[in-house]
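[1] sequence first, predicted coordinates after that:
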Amino acid sequence: MLEFCKKILAKVSFDRALFAKELKKSTRWLKGAERESLKKWCLKKYGDLYGDLILTTFSNPALV
C-alpha cells in the first residue's frame, strides 16, 4: 500500500489541492512504520514545494 500511495502522490504532485487530498487519504490508509516512511519520503521528495502542507497533515491528531 505504501508504494501505491507514493505512485499516486507522484502523479498528482503538480497540483497542491490534489496533493493535499491524496496525502490525507494516504495517512488514513497507512499505519505505524509505513506512515512514518511516507512522511519521510514526502518531505525528501516534495518538502521544497509542499513542506508546510506535509507537516500539517502528519501532525493532525484526527488523522492518526
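    Ah, there it is.

[2] just confirm residue 41 contacts residue 3, I think it does.
    No: Residue 41 is beyond contact range of residue 3, at 10.2 Å (criterion: C-beta atoms under 8 Å). All C-beta spots, glycine's among them, are computed from the backbone N, C-alpha and C.

[3] neighbour count winner among those two?
    Of the pair residue 41 and residue 3, residue 41 is the one with more neighbours under other C-beta atoms under 10 Å, namely 17 against 8.

[4] name the nearest residue to residue 18, ignoring sequence neighbours.
    Nearest residue to residue 18, sequence neighbours excluded (C-beta to C-beta, 6 or more residues apart in numbering): residue 12, at 3.9 Å.

[5] how about low-confidence regions in this protein?
    Low-confidence segments of the chain (pLDDT under 70): 61-64.

[6] in the helix ranked longest in the chain, what's buried?
    Using DSSP state H to define each element, the chain has its longest helix at helix 32-59. Across helix 32-59, burial judged by 16 or more other C-beta atoms under 10 Å covers 35, 38, 39, 41, 42, 46, 50, 53, 54, 57, 58.
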